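J.: next come a sequence and a model predicted from it.
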Amino acid sequence: MKRVAILISGGGSNMVALANSMIGDHPARPVVVISNDPKAGGLAKARNLGIATAIVDHREYPNDRNAFEGVLHATLEGYKPDIVCLAGFMRILTEGFTARYEGRMLNIHPSLLPKYKGLHTHARALEAGDAEHGCSVHEVTAALDDGPVLGQARIAIEDGDTPDTLASRLLSLEHQLYPAVLRRFAIGDRAPVYLPISEPIP
(Lines give C-alpha, C1' and ligand atoms only; values in the text may rest on other atoms or scores of the structure.)
Protein backbone atom coordinates (compact mmCIF):
# COMPACT_ATOMS: atom_id res chain seq x y z
CA MET A 1 0.00 0.00 0.00
CA LYS A 2 1.51 3.31 -1.09
CA ARG A 3 1.65 6.15 1.42
CA VAL A 4 0.48 9.51 0.04
CA ALA A 5 1.24 12.95 1.46
CA ILE A 6 -0.84 15.86 0.15
CA LEU A 7 0.35 19.48 0.23
CA ILE A 8 -2.22 22.30 0.22
CA SER A 9 -2.44 26.06 0.68
CA GLY A 10 -6.19 26.70 0.65
CA GLY A 11 -9.57 25.04 0.78
CA GLY A 12 -8.31 21.65 -0.26
CA SER A 13 -11.07 20.53 -2.63
CA ASN A 14 -8.65 18.48 -4.75
CA MET A 15 -7.17 17.03 -1.55
CA VAL A 16 -10.65 15.90 -0.49
CA ALA A 17 -11.24 14.33 -3.90
CA LEU A 18 -7.93 12.46 -3.65
CA ALA A 19 -8.56 11.34 -0.08
CA ASN A 20 -12.09 10.16 -0.80
CA SER A 21 -10.81 8.10 -3.72
CA MET A 22 -8.24 6.22 -1.66
CA ILE A 23 -10.54 3.58 -0.22
CA GLY A 24 -11.35 -0.07 -0.84
CA ASP A 25 -9.01 -1.71 -3.33
CA HIS A 26 -7.18 1.53 -4.09
CA PRO A 27 -3.41 0.92 -4.01
CA ALA A 28 -2.71 3.98 -1.84
CA ARG A 29 -3.81 5.71 1.34
CA PRO A 30 -3.41 9.32 2.56
CA VAL A 31 -1.06 9.59 5.54
CA VAL A 32 -0.78 13.37 6.03
CA VAL A 33 -2.01 16.71 4.73
CA ILE A 34 0.53 19.53 5.11
CA SER A 35 -0.13 23.22 4.56
CA ASN A 36 2.12 26.25 4.38
CA ASP A 37 -0.79 28.34 5.69
CA PRO A 38 -2.11 27.67 9.20
CA LYS A 39 -5.46 29.18 8.15
CA ALA A 40 -5.95 26.88 5.16
CA GLY A 41 -9.51 25.58 5.17
CA GLY A 42 -8.37 22.19 3.93
CA LEU A 43 -6.72 21.39 7.25
CA ALA A 44 -10.06 21.05 9.05
CA LYS A 45 -11.43 19.00 6.15
CA ALA A 46 -8.46 16.62 6.41
CA ARG A 47 -8.95 16.22 10.15
CA ASN A 48 -12.64 15.49 9.59
CA LEU A 49 -11.54 12.72 7.21
CA GLY A 50 -9.29 11.27 9.90
CA ILE A 51 -6.06 12.29 8.17
CA ALA A 52 -3.10 13.61 10.14
CA THR A 53 -2.24 17.26 9.47
CA ALA A 54 0.85 19.42 9.82
CA ILE A 55 1.71 23.07 9.22
CA VAL A 56 4.97 24.48 7.90
CA ASP A 57 4.29 28.21 7.71
CA HIS A 58 6.52 29.74 5.02
CA ARG A 59 6.16 33.15 6.67
CA GLU A 60 8.29 31.93 9.55
CA TYR A 61 11.23 31.70 7.14
CA PRO A 62 11.34 35.14 5.45
CA ASN A 63 13.76 35.30 2.55
CA ASP A 64 15.05 31.81 3.37
CA ARG A 65 13.45 29.29 1.04
CA ASN A 66 16.06 26.67 1.87
CA ALA A 67 15.14 26.80 5.55
CA PHE A 68 11.44 26.49 4.74
CA GLU A 69 12.04 23.57 2.43
CA GLY A 70 14.31 21.91 4.97
CA VAL A 71 11.55 21.91 7.57
CA LEU A 72 8.98 20.85 4.96
CA HIS A 73 11.16 17.93 3.93
CA ALA A 74 11.74 16.86 7.53
CA THR A 75 8.00 17.06 8.22
CA LEU A 76 7.18 15.01 5.13
CA GLU A 77 9.75 12.37 5.94
CA GLY A 78 8.21 11.90 9.36
CA TYR A 79 5.32 10.25 7.50
CA LYS A 80 7.50 8.25 5.08
CA PRO A 81 5.50 9.05 1.92
CA ASP A 82 5.88 7.02 -1.24
CA ILE A 83 4.06 9.70 -3.27
CA VAL A 84 3.63 13.45 -2.71
CA CYS A 85 0.63 15.18 -4.28
CA LEU A 86 0.56 18.96 -4.62
CA ALA A 87 -3.09 20.04 -4.50
CA GLY A 88 -3.28 23.81 -4.65
CA PHE A 89 0.10 24.21 -2.95
CA MET A 90 1.02 27.80 -3.76
CA ARG A 91 4.76 27.72 -3.21
CA ILE A 92 7.34 27.27 -5.94
CA LEU A 93 9.71 24.49 -4.89
CA THR A 94 13.42 24.59 -5.68
CA GLU A 95 15.35 22.00 -7.62
CA GLY A 96 17.00 20.88 -4.40
CA PHE A 97 13.61 19.95 -2.98
CA THR A 98 11.99 18.47 -6.07
CA ALA A 99 15.03 16.29 -6.74
CA ARG A 100 14.39 14.48 -3.44
CA TYR A 101 11.03 13.32 -4.78
CA GLU A 102 11.88 12.84 -8.43
CA GLY A 103 9.40 10.42 -9.99
CA ARG A 104 7.24 10.48 -6.86
CA MET A 105 5.62 13.94 -6.87
CA LEU A 106 2.47 14.98 -8.74
CA ASN A 107 0.75 18.32 -9.29
CA ILE A 108 -2.52 19.44 -10.85
CA HIS A 109 -2.47 22.62 -12.92
CA PRO A 110 -5.49 24.45 -14.38
CA SER A 111 -4.45 24.59 -18.02
CA LEU A 112 -3.76 22.27 -20.92
CA LEU A 113 -0.02 22.13 -20.46
CA PRO A 114 2.31 23.15 -21.99
CA LYS A 115 -0.03 26.13 -22.39
CA TYR A 116 -0.26 28.70 -19.64
CA LYS A 117 2.26 27.69 -17.02
CA GLY A 118 2.03 29.74 -13.86
CA LEU A 119 -0.92 31.82 -12.68
CA HIS A 120 -4.13 33.34 -14.12
CA THR A 121 -4.62 30.46 -16.53
CA HIS A 122 -8.38 30.92 -17.04
CA ALA A 123 -8.04 34.58 -17.96
CA ARG A 124 -5.14 33.80 -20.29
CA ALA A 125 -7.14 31.14 -22.13
CA LEU A 126 -9.98 33.60 -22.66
CA GLU A 127 -7.66 36.41 -23.74
CA ALA A 128 -6.11 34.08 -26.32
CA GLY A 129 -9.51 33.26 -27.79
CA ASP A 130 -9.08 29.54 -27.16
CA ALA A 131 -11.94 27.21 -28.04
CA GLU A 132 -11.18 24.87 -25.17
CA HIS A 133 -9.55 24.90 -21.78
CA GLY A 134 -8.69 22.26 -19.24
CA CYS A 135 -6.45 20.93 -16.52
CA SER A 136 -3.37 18.74 -16.41
CA VAL A 137 -1.79 16.40 -13.89
CA HIS A 138 1.96 16.20 -14.28
CA GLU A 139 5.06 14.95 -12.55
CA VAL A 140 6.85 17.71 -10.69
CA THR A 141 10.31 18.76 -11.84
CA ALA A 142 12.47 21.75 -11.02
CA ALA A 143 10.98 23.76 -13.91
CA LEU A 144 7.60 25.36 -13.16
CA ASP A 145 4.65 23.26 -14.43
CA ASP A 146 7.00 21.46 -16.80
CA GLY A 147 7.16 17.77 -15.87
CA PRO A 148 5.74 14.90 -17.93
CA VAL A 149 1.96 15.19 -18.35
CA LEU A 150 0.11 12.16 -16.96
CA GLY A 151 -3.45 13.27 -17.62
CA GLN A 152 -5.65 16.01 -19.02
CA ALA A 153 -9.31 16.94 -18.94
CA ARG A 154 -10.89 19.39 -21.39
CA ILE A 155 -13.91 21.65 -21.45
CA ALA A 156 -15.30 23.73 -24.29
CA ILE A 157 -15.10 27.48 -23.74
CA GLU A 158 -18.61 28.91 -24.06
CA ASP A 159 -19.79 32.35 -25.13
CA GLY A 160 -19.97 34.52 -22.06
CA ASP A 161 -17.44 32.51 -20.04
CA THR A 162 -15.43 34.44 -17.48
CA PRO A 163 -12.36 33.32 -15.55
CA ASP A 164 -14.68 32.50 -12.64
CA THR A 165 -17.14 30.43 -14.67
CA LEU A 166 -14.30 28.55 -16.34
CA ALA A 167 -12.68 27.83 -12.99
CA SER A 168 -15.97 26.62 -11.54
CA ARG A 169 -16.79 24.29 -14.42
CA LEU A 170 -13.26 22.95 -14.57
CA LEU A 171 -13.06 22.14 -10.88
CA SER A 172 -15.39 19.13 -11.11
CA LEU A 173 -13.16 17.69 -13.83
CA GLU A 174 -10.07 18.29 -11.69
CA HIS A 175 -11.77 16.23 -9.00
CA GLN A 176 -12.18 13.36 -11.47
CA LEU A 177 -8.81 13.60 -13.21
CA TYR A 178 -6.43 13.80 -10.26
CA PRO A 179 -7.76 10.66 -8.51
CA ALA A 180 -7.75 8.75 -11.82
CA VAL A 181 -4.10 9.62 -12.42
CA LEU A 182 -3.08 8.89 -8.84
CA ARG A 183 -4.65 5.42 -8.92
CA ARG A 184 -2.61 4.50 -11.99
CA PHE A 185 0.53 6.21 -10.75
CA ALA A 186 0.41 4.28 -7.45
CA ILE A 187 0.84 1.00 -9.35
CA GLY A 188 3.59 2.37 -11.57
CA ASP A 189 1.38 3.07 -14.59
CA ARG A 190 2.33 6.38 -16.21
CA ALA A 191 0.05 6.00 -19.24
CA PRO A 192 -1.75 9.34 -19.60
CA VAL A 193 -5.42 9.66 -18.63
CA TYR A 194 -7.61 11.80 -20.89
CA LEU A 195 -11.11 12.91 -20.03
CA PRO A 196 -13.35 14.05 -22.93
CA ILE A 197 -14.61 17.52 -23.73
CA SER A 198 -17.79 18.46 -21.91
CA GLU A 199 -20.07 20.01 -24.51
CA PRO A 200 -22.22 23.01 -23.56
CA ILE A 201 -25.71 22.04 -22.47
CA PRO A 202 -28.28 23.30 -25.05
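T.: Cool, got the structure.

J.: longest helix in this structure, by number of residues?
T.: Using DSSP state H, we find that the single longest helix of the chain is helix 163-185.

J.: avg pLDDT for that one?
T.: The average pLDDT for helix 163-185 rounds to 96.

J.: list the buried residues for it?
T.: The neighbour-count check on helix 163-185 (16 or more other Cβ atoms under 10 Å) flags 166-167, 169-170, 173-185 as buried. Placement of C-beta: from N, CA and C, glycine included.

J.: who touches that helix?
T.: Around helix 163-185, the neighbours that count as contacts under Cβ atoms under 8 Å, 6 or more residues apart in numbering are 4, 13-14, 17-18, 20-22, 26-28, 83, 85, 87, 106, 108, 110, 120, 122-123, 125-126, 133-135, 137, 150-153, 155, 157-158, 190-191, 193, 195, 198.

J.: separation between the residue nearest the centre of the chain and Asp159?
T.: Centroid-nearest residue in the chain, with Cα atoms, centre = their mean: Ala87, separated by 3.0 Å. For Ala87, the distance to Asp159 equals 31 Å [Cβ to Cβ, to the nearest Å].

J.: show me the contacts for the nearest residue to the residue nearest to the centre of the chain once chain neighbours are set aside.
T.: Nearest non-adjacent residue to Ala87, counting by Cβ to Cβ, 6 or more residues apart in numbering: Asn14, 4.0 Å away. Contacts for Asn14 were tallied using Cβ under 8 Å, 6+ apart; they are 87-88, 108, 174-175, 178.

J.: list the buried residues of the helix or strand hosting Asn14.
T.: Using DSSP states H and E, Asn14 sits in helix 13-21. Residues of helix 13-21 classed as buried by neighbour count (16+ other Cβ under 10 Å): 13-19, 21.

J.: of these, just say which sits nearest to Gly41.
T.: When the buried residues of helix 13-21 are ranked by distance to Gly41 (Cβ to Cβ), Ser13 comes first, at 9.3 Å.

J.: now do that closest one, the pLDDT please.
T.: Per-residue pLDDT puts Ser13 at 98.

J.: got the contact list for it?
T.: 42, 88, 171, 174-175.

J.: same list (those) but as TSV, adding distance to Arg100.
T.: Supplementary listing: those in TSV, determined by distance: Cβ to Cβ, whole Å:
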residue	distance to Arg100
Gly42	23
Gly88	21
Leu171	30
Glu174	26
His175	28
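
J.: hmm, which helix or strand of this protein has the shakiest average pLDDT?
T.: Within the chain, no helix or strand scores below strand 193-198, which has a mean of 76 by mean pLDDT, DSSP states H and E.

J.: what about this protein, any weak spots by pLDDT?
T.: Filtered on pLDDT under 70, the chain yields the residue ranges 197-202.

J.: need phi/psi at Asp82.
T.: Note on Asp82: its backbone torsions stand at phi -90, psi -30 [degrees, to the nearest 10].

J.: quickly note the distance from it to Leu173.
T.: Asp82 sits 26 Å away from Leu173, going by Cβ to Cβ.

J.: one more: Ala128?
T.: 20 Å.

J.: repeat for Ala153
T.: Taking Cβ to Cβ, one finds Ala153 at 4 Å from Leu173.
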